[in-house]
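# turn this into a structure:
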Amino acid sequence: MRDPAPRASSYPETTPTIERLLARAPAWTLTGGYAAATGRLLLTFCAVVLAASMAPLGLTSTELRTVVIVVGVLLLAAAGSLLIHRVRRVRHAAGLAYPVLLLTALTAVGLCTENVSTAYVGLIPLCFVYTGIFHRGRDAAALLPLALGTYAAMVPFFDSRAGVRLVIYGIIWWAIAQTLALTTAYQRQVQRRLRRDARTDALTALGNRRDLEEHLSSVQAGDTLVVIDLDHFKSVNDTLGHSAGDAVLTGFGHLLDQHLRRRDYAARYGGEEFVLVLPRTEAVQAMTMLRALRKEWLEAGNGVTFSAGIATICPGVPPGTALAAADVALYRAKAAGRDRFRIATDHRGPSREAADALT
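Numbers count the residues shown, from 1 in each chain. The predicted model follows:
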């Protein structure tokens, strides 16, 4: 069930109105993402402005017919984009079709009306606001010639003063798009950094438990999970201090990062425990990898060993079940004397003794 939209009072006062509207909008209106939804809103808003201004401007029958056709085209385009995005995945660059269509419609209004189209000049900057928010800054440069042509079509008498205004407006429109594009890019960079920090263990630079839970949702049958625990780690903290313990954890995290393949994943599960996700890897292959890892770790000379439990995800077995089985195998390895590895079997059927004989 979809969560109900938050009440208006739950938003901070600084939340933009457009964000409030999109958050409250029905799901079908957001087809294609926020860029497409805002593009449809742009076309619909301008169509409403054109329709609402027809009577006050005193248009002739010919001008009225032109504006009505333009309003209908804008509304049909907004509705048609819903169908297009539902049927097929549209490239992000196709979002420029919204401002291009709007500028083309305004050009038609300017060419087919007399002395009234200047009332709609204020709609042109909206195209650059949209472009700056949802597209790259250089896309505004590609849009600028069409916008300048639109303005020229909307001016009844194009004299030297109109030319100066055209240059000034062009610079302002381009600057609007560039400013918004830079601001949007900076916000996305900050969001990526915050997301990365929220999912990264500060001590080992590996994934943290939250990141691990998200990563486990994408594992498949045939992938192998490994739970590692540093043996007697508490004694390191008790005898040498927490700074020494942190150094051991940092060194082990660095070793995992250097030793694993590019497709592998490692996270700090909590305390001195780590979890490895090894895609398309059999349990015996994981065992070989752990032996090589143990050799490199012993060469580091800190005197700390580690134990591990291994579980391969079987068809129909949830990742959480396989992780729990690897954790049980880890405790069997520690109960057997530590500095050992065990393969879990309880989640797939074979006897425990057979697995112990292999390890």
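# hang on, Cys301 in a helix?
One correction, residue 301 is Gly, not Cys. No - under DSSP: H, G, I helix; E, B strand; the rest coil, Gly301 sits outside any helix and is assigned coil.
# would you quantify the distance from it to Gly251?
10 Å (C-beta to C-beta, to the nearest Å). Bear in mind the C-beta positions are built from the backbone N, C-alpha and C, glycine included.
# then Lys295?
Taking C-beta to C-beta, one finds Lys295 at 15 Å from Gly251.
# over to Glu296?
Distance, Glu296 to Gly251, using C-beta to C-beta: 11 Å.
# and the two? Which one has more around it.
Set Glu296 next to Gly251 and count neighbours by other C-beta atoms under 10 Å: Gly251 wins out with 15 against 11.
# so the more buried one is in contact with Gly303, correct?
No - look at Gly251 against Gly303 with C-beta atoms under 8 Å: they stay out of range, at 12.0 Å.
# tell me the first helix or strand C-terminal of the lengthiest helix in the chain.
What stands out as the longest helix in the chain, according to DSSP state H, is helix 160-198. Per DSSP states H and E, helix 160-198 leads on to helix 209-216 as the next helix or strand towards the C-terminus.
# per-residue confidence at Leu358?
At Leu358, the model reports a pLDDT of 43.
# meant to ask about Pro16, not that
At Pro16, pLDDT is 59.
# could you do His135 as well?
88.
# list the contacts for Ala141?
Residues counted as contacts of Ala141 (C-beta atoms under 8 Å, 6 or more residues apart in numbering) are Trp174.
# mind checking which helix or strand it is in?
helix 137-154.
# dump that helix to PDB, keeping only the CA atoms.
Output of helix 137-154 as PDB, limited to C-alpha atoms (Å, rounded to 0.1, in the frame of the first residue of the first chain):
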ATOM      1  CA  GLY A 137      24.200  23.900 -18.500                       C
ATOM      2  CA  ARG A 138      25.300  23.600 -22.100                       C
ATOM      3  CA  ASP A 139      21.800  22.400 -23.100                       C
ATOM      4  CA  ALA A 140      20.600  26.000 -22.500                       C
ATOM      5  CA  ALA A 141      23.000  27.200 -25.200                       C
ATOM      6  CA  ALA A 142      21.400  24.900 -27.700                       C
ATOM      7  CA  LEU A 143      18.000  26.200 -26.600                       C
ATOM      8  CA  LEU A 144      19.000  29.900 -26.800                       C
ATOM      9  CA  PRO A 145      18.700  30.400 -30.600                       C
ATOM     10  CA  LEU A 146      15.100  29.100 -30.600                       C
ATOM     11  CA  ALA A 147      14.200  31.300 -27.600                       C
ATOM     12  CA  LEU A 148      15.700  34.400 -29.300                       C
ATOM     13  CA  GLY A 149      13.700  33.600 -32.500                       C
ATOM     14  CA  THR A 150      10.600  33.200 -30.300                       C
ATOM     15  CA  TYR A 151      11.100  36.600 -28.800                       C
ATOM     16  CA  ALA A 152      11.700  38.200 -32.200                       C
ATOM     17  CA  ALA A 153       8.400  36.700 -33.400                       C
ATOM     18  CA  MET A 154       6.600  38.100 -30.400                       C
END
